[in-house]
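Colleague: below are the sequence and a predicted model for it; my questions follow.
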Amino acid sequence: MYMGRVVGSIEASQKDDSLIGRKLMIVQQINSDKEMIRYEEVASDTVGAGIGEYVLLVKGAGARKTNKESSQTRDVVDCAIVGIIDRFNK
Amino acid sequence: MYMGRVVGSIEASQKDDSLIGRKLMIVQQINSDKEMIRYEEVASDTVGAGIGEYVLLVKGAGARKTNKESSQTRDVVDCAIVGIIDRFNK
Amino acid sequence: MYMGRVVGSIEASQKDDSLIGRKLMIVQQINSDKEMIRYEEVASDTVGAGIGEYVLLVKGAGARKTNKESSQTRDVVDCAIVGIIDRFNK
Amino acid sequence: MYMGRVVGSIEASQKDDSLIGRKLMIVQQINSDKEMIRYEEVASDTVGAGIGEYVLLVKGAGARKTNKESSQTRDVVDCAIVGIIDRFNK
Amino acid sequence: MYMGRVVGSIEASQKDDSLIGRKLMIVQQINSDKEMIRYEEVASDTVGAGIGEYVLLVKGAGARKTNKESSQTRDVVDCAIVGIIDRFNK
């Protein structure tokens, strides 16, 4: 899993059916010092994360196993926000 | 998921049966400032994206779960365009 | 699999149900000379690893197959600590 | 999917049973200007690609879904050549 | 698949049950000129590779499909040595 910061969102009127009604957030990967690392991705938000919040990200098939999506049978998502990070303990 | 820009397409007469009749687009990954990052890939287009458009990309098994391909039982694709990005909100 | 060092943990009150009660450790990937390489990730701990310990990490679907999680049917985790490294033989 | 160029092959007398009889080609990833990017990998050839040809590569589980391998039940392959690129349209 | 060189092994007394009795080798990824590229990983050896040998590596779910592991139902491994490279043909 990765640490990230929500920096925005995207709008897409034409998209796969499984993405309809889902929040697609732009996330910047960070390290535990909250420094930007690597690059931005787009993640499906399943926990109600807002712009500027630090979040926990899951990639791959795990992103299709969140509670929000359990009722869906078909899902293209490969990245999901699965937690809001309250604190980095070091 | 990744943000990208469609920059072209490839032609391949000799290919896996599951790729016949599909549009194979060359996509350049970008960030939310529309700057090029990382490298180019080839994605199966499922939403009718044209050259120059900004798109949402899915990789891995998720790319085999798009509505366009639901009738197929065997599919080698590991990258798909699943949305056309109208706007980056930041 | 990757070698890593546990450098901390994260706290997240709002998170996917499958993460409740699990230890989410911040791990820094290392090489066999114990030098830091690449970047930090967050891994579910399944072997009781403490801060500073050298650990073996599994990513992707394999992270959802640890003994600790066998009773779960739904799991978003994509990175797990699956061993504590006692020695690097070279 | 990735664009690549076939640069050679490997020989391995001792190998997993599922690799017996398969052509294991060394491929260099390229961009659409045919410039070398990233690094070399080894791919199972399923379309009869020769040294120097430009090819389409699939990674991960998709590489185990090619027509050539449909009769196999067990397969370790994680990268396959699934097309020969005739032309890059830009 | 990737080319690598076996550079050592790790010992871990505390580990996931599915790793008990398996050889966990430290491998350095290489290119076809036997130059070191990228970084080290830990791979489960399934072909009897020794220190210094050049090997073929599989990552992800493919690493859980080797003949050695077919009798196991649960397996966390995400990287396996599946062949010993005798020759690089270029």
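Modeller: Yes, it's here.
Colleague: what's the neighbour count on the closest residue to A:D17 other than its chain neighbours?
Modeller: If the residues on either side of it in the chain are set aside, A:D17 comes closest to B:N67, at 5.0 Å by CB to CB, 6 or more residues apart in numbering or on different chains. To be clear about C-beta, it is placed using only N, CA and C from the backbone, and glycine gets the same treatment. B:N67 is flanked by 15 other residues according to other CB atoms under 10 Å in any protein chain shown.
Colleague: return the residues in contact with B:N67.
Modeller: The contact partners of B:N67, by CB atoms under 8 Å, 6 or more residues apart in numbering or on different chains, come to A:D16, A:D17, A:S18, A:R74, B:T46.
Colleague: I'd like these written out as a markdown table, with pLDDT added.
Modeller: Formatted as a markdown table, the entries for the contacts of B:N67 read as follows, by pLDDT from 0 to 100:
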| residue | pLDDT |
| --- | --- |
| A:D16 | 95 |
| A:D17 | 93 |
| A:S18 | 93 |
| A:R74 | 86 |
| B:T46 | 92 |
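Colleague: buried among those? Need that as a selection in ChimeraX.
Modeller: What follows is the ChimeraX syntax selecting those of the contacts of B:N67 that are buried according to 16 or more other CB atoms under 10 Å in any protein chain shown:
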select /A:16,18 /B:46
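Colleague: any low-confidence regions in chain A?
Modeller: For chain A, the stretches with pLDDT under 70 are A:68-72.
Colleague: would you map the strands across chain A?
Modeller: Ranges of strands within chain A are A:2-11, A:14-15, A:24-30, A:36-45, A:54-59, A:79-84, A:87-89, based on DSSP state E.
Colleague: the fifth one and chain B in contact?
Modeller: Which is strand A:54-59. No. When contact is scored as CB under 8 Å from any CB of the partner chain, no part of strand A:54-59 falls within range of chain B; the minimum is 8.5 Å.
Colleague: what residues does that strand touch?
Modeller: Where contact means CB under 8 Å, 6+ apart, the residues beyond strand A:54-59 that reach it are A:1-6, A:27, A:29-30, A:34, A:41, A:43, A:47, A:49, A:66, A:78-85, A:88, C:10, C:12, C:15, C:19, C:24, C:42, C:76-78.
Colleague: what pairs with it, parallel or antiparallel?
Modeller: In the sheet, strand A:54-59 lines up against strand A:2-11 (antiparallel), strand A:79-84 (antiparallel) (DSSP bridges).
Colleague: please identify the deepest-packed of the ones you listed.
Modeller: strand A:79-84 (a mean of 26; mean count of other CB atoms under 10 Å in any protein chain shown).
Colleague: how far does it sit from the chain's center?
Modeller: 4 Å (CA atoms, centre = their mean, to the nearest Å).
Colleague: same thing with stretch A:21-33?
Modeller: 5 Å.
Colleague: how far does that stretch stretch from one end to the other?
Modeller: In terms of CA to CA, to the nearest Å, the two terminal residues of stretch A:21-33 are separated by 33 Å.
Colleague: list the buried ones in stretch A:36-43?
Modeller: Counting neighbours by 16+ other CB under 10 Å, one finds that the buried residues in stretch A:36-43 are A:E40, A:E41, A:V42, A:A43.
Colleague: wait, the last one sits on A:A80?
Modeller: In this case it means A:A43. Yes. Here A:A43 lies in contact with A:A80, judged by CB atoms under 8 Å, at a distance of 5.6 Å.
Colleague: please enumerate the shared neighbours of these two.
Modeller: Common neighbours of A:A43 and A:A80 (criterion: CB under 8 Å, 6+ apart): A:L57, A:A63.
Colleague: still on that earlier bit, farthest pair within the buried residues of stretch A:36-43?
Modeller: Greatest spacing in the buried residues of stretch A:36-43, by CB to CB: A:E40 and A:A43 (9.9 Å).
Colleague: which neighbours do those two share?
Modeller: Residues within reach of A:E40 and of A:A43 at once, by CB under 8 Å, 6+ apart, are A:V27.
Colleague: still on that earlier bit, with distance to A:K59 as added columns, please give the buried residues of stretch A:36-43 in TSV.
Modeller: Formatted as TSV, those follow (distance: CB to CB, whole Å):
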residue	distance to A:K59
A:E40	13
A:E41	8
A:V42	11
A:A43	9
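Colleague: and which of the residues you listed is nearest to chain C?
Modeller: A:A43 (12.1 Å; CB to the nearest CB).
Colleague: give the bridge partners for the closest one, please.
Modeller: Checking A:A43 by DSSP bridges, which sets the bridge assignment, gives partners A:M25.
Colleague: show me what contacts it?
Modeller: A:A43 is in contact with A:G4, A:L24, A:M25, A:V27, A:V55, A:L57, A:A63, A:C79, A:A80, A:I81, B:M1, counting by CB under 8 Å, 6+ apart.
Colleague: mind picking the two most distant members of those?
Modeller: Spatially, the most separated pair among the contacts of A:A43 is A:V55 and B:M1, at 14.8 Å (CB to CB).
Colleague: how about residues contacting stretch A:9-20?
Modeller: By CB under 8 Å, 6+ apart, the residues outside stretch A:9-20 that reach it are A:23-26, A:42, A:44, A:51, A:72, A:74-77, B:3, B:32, B:46-48, B:56, B:65-67, B:82-89.
Colleague: and with 7 Å instead?
Modeller: Identification of contacts with stretch A:9-20 by CB atoms under 7 Å, 6 or more residues apart in numbering or on different chains yields A:23-26, A:42, A:72, A:74-76, B:46-47, B:56, B:66-67, B:82-89.
Colleague: just to check, A:E40 is in contact with B:S32?
Modeller: Yes. Counting by CB atoms under 7 Å, A:E40 sits close enough to B:S32 to count as a contact (5.7 Å).
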